[in-house]
Each structure stands twice: as C-alpha cells, then as structure tokens.
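*Asks:* Generate coordinates for the sequence data below:
(chains A and B)
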Amino acid sequence: MARVVVDVMLKSEILDPQGKAVHGAFGRLGFDGVADVRQGKRFEITLDGAATEERVAEIRKAADTLLANPVIEDYTLHVETDDNEGGR
Amino acid sequence: MKIGVVTFPGSLDDADARRAAAVAGAEAVALWHGDADLRGVDAVVLPGGFSYGDYLRAGAISRFAPVMDTIIKKAGEGLPVLGICNGFQVLCESHLLPGALIKNHHRKFICKDQPLRIENNRTAWTSDYDANHEITIVLKNQDGSYVADDATLDRLEGEGRVVARYLDENPNGSYRDIAGITNERGNVVGLMPHPEHAVETLTGPTTDGLGFFTSVLKAVVAS
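*Replies:* Predicted coordinates:
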C-alpha cells in the first residue's frame, strides 16, 4: 500500500484566523521571537495498491476539486513509500 | 409558485426558510440533498447551518451532493437560487459565485441584529427593495468573512454585483464590507445574514427579510 500526502495551506494573502489564534497563544506562553504562525491541513490518503502515475493524478484531481479550494488555498502533494524513505 | 428548500445533513435553517417562503405566499417544498430531482420548483433556497459539520471547509462537501448537480445546471439556465449563510458558502464552493468564505477575523461565532444596505435591487431576490434600502436582519455565523482577490472584488463592484453591504461595524472581516453578491445574470444570490429569520415580528428584529422571498415570487411570475 502506498500513501499520498496532500498538504493544504491558505494562500499567504488570505487572513488565517486560526494561525493568528495560535500565534497569540505563543506570546502568552512565553515563546518569543515568532513573527507569524499559519495553520494548514494535512491529508494522508492510503491507496489499495501502488501509487502509479495514473492514481496519483487522480488524487491530484481530488486535491484540486475537493481537498483544497484554489480560490483561497494552495496545496502540495507527495507520495510516501512503505519503507518511509520518502520520495516525491 | 413553489420555492424549494434543500436539507443537507447539518442544515439548521431549512424549516425557517420554508416558513419564510410560506409567509411570502409561496408553496414551500422540502428538497433532499441526496435526491437530484427538484420536484418542479420555481426557485431554490440553500439554507443556513453547518452542512456535513463544515468539516474540510464550510460548504465544500455539500457542493458534491446529487441535488447540487441539478441546481448548478438549472442555475445556469436561469433558475433563481438564494444561498443564505451556509448556502452562500455552498454557492461559492460550487463556483456559481466567485470568491470564498473563511473564518471570522475575530475567530468567534457571532449572533446579532445586523444593519445592511441593499445595493443591487435588480436581482431575482431583491427587486422588492428600493435602491440603497437599509434593512436590519439577523446575522449569525462562524465562517462569514467574504474573501476574493482584488481583481474579482473590482469586477464585482464595477458590475454592481455587490447585493448587500454591512453598515456600521464590519461584523466578520468580510472584504469591502460585502454581505452578499450575485452572479452576472442576477438569478443566483449569496447572502451571509439571514432574511428568513426576519419575516415575522414575533421572532425577528424586523420583517425586513421578507422582501427576498416576495421578490422571487415576482421574478418567477415575470419570467
């Protein structure tokens, strides 16, 4: 089984209220020197079999239409192999 | 004259929207998210609530409901569609309206009586209002901040497609104080505040919201 990971982030120009809330908590907890915090979402999609080019392309389509809203969000996508050696 | 109101899993204001349609003089028809059939309705309301728990993004999962396939197609043919709050989010996620709605800038759920200015009274849902009519209806939301890039915002303003704008304090960080917008044709309207909660004095701050429902009756008769 292979795993496709999709990381979604709000575009930099879009206000991120959740990140702002975390940033505020950093200050209250005494973590100084933090200029900004932005919060994203990580989707781990486990496939039945291997991550063939075709299937990754399908996941990319899902990321474009469902997982991320391209109006306000960017995403990156990578395949994780079983032995966790990574690989893009 | 039939106004259909869609119920998604997690819709909260569907019964109020049906009631508002009835108060305006229409026959209210309950529509189900899993059923692609619109049952012969003349207009559709996508109600407020938290469809699918607003998991992923507000309105993102509802956009793929079978009923939305039909609504997206019919909206393109001129069917009047009003999305209120969560319904507005669904319309943006469906690309029937541009932009998106994100968390309120103050990160809190908000519930208040909200003054608005109706800036476009030429849509299917606003013809009963005067130009620049100021109304007060209920606002309640968590993801109510309308965002879009500058080019989209300029286009909306230039084409007069800002239907309603917040007066007094901006309640949620919405870009350019936008409370509602319409598509180019004027049949699809998205609105963050809730006209369906302001149709009777017993339960609303005013009856200012009724105009949305009476407007669409006339739009359907005229077409």
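*Asks:* give me the number of residues near the spatially closest residue to residue B:159 that is not a sequence neighbour?
*Replies:* For residue B:159, the nearest residue in space outside its immediate sequence neighbours is residue B:184; the separation is 7.0 Å by C-beta to C-beta, 6 or more residues apart in numbering or on different chains. The way it works is simple: take the backbone N, C-alpha and C, and place the C-beta from them, glycine included. By the other C-beta atoms under 10 Å in any protein chain shown criterion, the neighbourhood of residue B:184 contains 9 residues.
*Asks:* Excluding covalently adjacent residues, which one is nearest to residue 36?
*Replies:* Picking chain A for this. If the residues on either side of it in the chain are set aside, residue A:36 comes closest to residue A:23, at 6.4 Å by C-beta to C-beta, 6+ apart.
*Asks:* you looked at the wrong chain, it should be chain B
*Replies:* residue B:66 (4.3 Å).
*Asks:* List the contacts of that neighbour.
*Replies:* By C-beta atoms under 8 Å, 6 or more residues apart in numbering or on different chains, the residues touching residue B:66 are B:33, B:34, B:35, B:36.
*Asks:* Kindly report the same for residue B:26.
*Replies:* Remark: with contacts taken as C-beta under 8 Å, 6+ apart, residue B:26 is in contact with B:1, B:2, B:3, B:43, B:213, B:216, B:217.
*Asks:* quick one: contacts for the closest residue to residue B:9 other than its chain neighbours?
*Replies:* Take residue B:9 and drop its neighbours on the chain: the residue closest to it by C-beta to C-beta, 6+ apart is residue B:52, 6.1 Å away. For residue B:52, the contacting residues are B:8, B:9, B:10, B:60, B:61, B:62, by C-beta under 8 Å, 6+ apart.
*Asks:* May I see the residues you listed arranged in TSV, with neighbour count as well?
*Replies:* Conversion of those to TSV gives the following (neighbours: other C-beta atoms under 10 Å in any protein chain shown):
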residue	neighbour count
B:8	26
B:9	14
B:10	16
B:60	23
B:61	21
B:62	26
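*Asks:* Now intersect these with the strands, please.
*Replies:* Residues of the contacts of residue B:52 located in strands (DSSP state E): none.
*Asks:* and the helix ranked longest in chain B, which residues are buried?
*Replies:* Scanning chain B for the helix with the most residues, using DSSP state H, yields helix B:210-222. Along helix B:210-222, the positions that meet the burial threshold by neighbour count (16 or more other C-beta atoms under 10 Å in any protein chain shown) are B:210, B:211, B:212, B:213, B:214, B:215, B:216, B:217, B:219, B:220.
*Asks:* Next up, the contacts around the first one.
*Replies:* By that I understand residue B:210. B:20, B:23, B:24, B:195, B:198, B:199.
*Asks:* out of those, what pair is the most spread apart?
*Replies:* Put simply, by C-beta to C-beta the two of these set farthest apart are B:24 and B:198, 12.2 Å from each other.
*Asks:* Comparing those two, which residue is more hemmed in?
*Replies:* Here residue B:24 and residue B:198 are compared on neighbour count by other C-beta under 10 Å; more neighbours surround residue B:198, at 25 against 22.
*Asks:* Please report how far that one lies from residue B:145.
*Replies:* According to C-beta to C-beta, to the nearest Å, residue B:198 and residue B:145 sit 22 Å apart.
*Asks:* Ok, residue B:40 next?
*Replies:* As for residue B:40, its distance to residue B:145 is 36 Å (criterion: C-beta to C-beta).
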